[in-house]
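Novice: sequence below, structure please.
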Amino acid sequence: MLLRHVLKLIFRFLLLAVALIFYFTDREMLYFPTILQQGVSGAFLWVVWIALAVDMLFRIIPNKRVAIGARKHFACSYTAPASADAGKKDLTNKPGQLHKGAFLSALAWLAVSAAIIAALFFLGMLTPASVLNFVLFYSALDLVFILVFCPLRALFMKNQCCVVCRIYNWDYFMMCAPLILFPGFYSISLVLLSVVVLLQWEIALRKNPRFFMRETNENLRCEQCKEKVRLVRCRRGE
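Specialist: Predicted coordinates for the structure are as follows:
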């Protein structure tokens, strides 16, 4: 799983690098509102669309190609504790803490995104090309957060690692939401897919909060972890 994440990070950085090259040489290549009319010239845009859409489909359909942290909301990823009373206190007390961290993380994302979009607007640079680069930057940063360091985890969520992260499957909505500034098939399809991922996650959390905590889901405990997706080792027992 670690190798898969590293390869995905490299791929996303390559997409960002290509998008930046197009931004400074031929911005029409990044004009996604007319993707259906671009033909062969829109090949790069289709590569980006397919990469994001396929990844989101993997989040929607239960499968082991994604990390346990991203599929813990599925019943097939849940294993009850050996003791029937294990984690009972945590089950009643922790959801409130998780929601608080998620709310603060959402505010931070909104503030940063709004500031960047506002800056682009006032500089006269708010175009489909700049927004697509913004989205690809977010997509690469997402993997950096998972593999190296996540400020949202450190500042707000306070979870030990991504395996138990309350907002793990918020990432694609956070990435794709800026695309809606230029509505069309390309942007609307990706944003809708990201909303499906987000709603599926949030509904599962409300219905089965025990799926999301290591105290009530054996598969999320450190001793059961087989994925080792972080390049910087997390501290156990936090």
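Novice: CA atoms for contacts and neighbours, from now on please.
Specialist: Will do.
Novice: helix, strand or coil for Cys183?
Specialist: Not Cys; residue 183 is Pro. With DSSP: H, G, I helix; E, B strand; the rest coil as the basis, Pro183 sits in coil.
Novice: from Phe145, how far off is it?
Specialist: Shown here: Pro183 relative to Phe145, a distance of 28 Å by C-alpha to C-alpha, to the nearest Å.
Novice: swap in Gln224?
Specialist: Counting by C-alpha to C-alpha, the separation of Gln224 from Phe145 is 22 Å.
Novice: who's more crowded, those two?
Specialist: Neighbours per residue, other C-alpha atoms under 10 Å: of Gln224 and Phe145, the larger number sits with Phe145, 15 against 9.
Novice: show me the contacts for that one.
Specialist: By C-alpha atoms under 8 Å, 6 or more residues apart in numbering, the contact set of Phe145 is Pro151.
Novice: low-confidence bits of this structure, can you list those?
Specialist: Scanning the chain for pLDDT under 70 picks out 84-95, 230-238.
Novice: 90 - rerun?
Specialist: Within the chain, the stretches with pLDDT under 90 are 1-4, 39-41, 63-65, 81-99, 158-162, 214-215, 221-238.
Novice: report the longest helix in it, please.
Specialist: In the chain, with assignment by DSSP state H, the single longest helix is helix 88-122.
Novice: after it, next one along is what?
Specialist: helix 128-147 (DSSP states H and E).
Novice: for that following helix, list every residue counted as buried.
Specialist: Along helix 128-147, these residues count as buried under the neighbour rule (16 or more other C-alpha atoms under 10 Å): 128-144, 146-147.
Novice: alpha carbons of that helix, as PDB, please.
Specialist: Taking C-alpha atoms only, helix 128-147 is exported to PDB below (Å, rounded to 0.1, in the frame of the first residue of the first chain):
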ATOM      1  CA  PRO A 128     -10.100  27.500 -16.000                       C
ATOM      2  CA  ALA A 129      -6.400  27.000 -16.400                       C
ATOM      3  CA  SER A 130      -5.500  28.400 -13.000                       C
ATOM      4  CA  VAL A 131      -8.300  26.600 -11.300                       C
ATOM      5  CA  LEU A 132      -7.300  23.200 -12.800                       C
ATOM      6  CA  ASN A 133      -3.700  23.800 -11.600                       C
ATOM      7  CA  PHE A 134      -5.200  24.700  -8.200                       C
ATOM      8  CA  VAL A 135      -7.100  21.400  -8.200                       C
ATOM      9  CA  LEU A 136      -4.000  19.400  -9.200                       C
ATOM     10  CA  PHE A 137      -2.000  21.100  -6.500                       C
ATOM     11  CA  TYR A 138      -4.600  20.000  -3.900                       C
ATOM     12  CA  SER A 139      -4.500  16.500  -5.300                       C
ATOM     13  CA  ALA A 140      -0.700  16.200  -4.900                       C
ATOM     14  CA  LEU A 141      -0.900  17.900  -1.400                       C
ATOM     15  CA  ASP A 142      -3.500  15.300  -0.400                       C
ATOM     16  CA  LEU A 143      -0.900  12.500  -0.800                       C
ATOM     17  CA  VAL A 144       1.800  14.600   1.000                       C
ATOM     18  CA  PHE A 145      -0.600  14.900   3.900                       C
ATOM     19  CA  ILE A 146      -1.100  11.100   4.000                       C
ATOM     20  CA  LEU A 147       2.500  10.100   3.500                       C
END
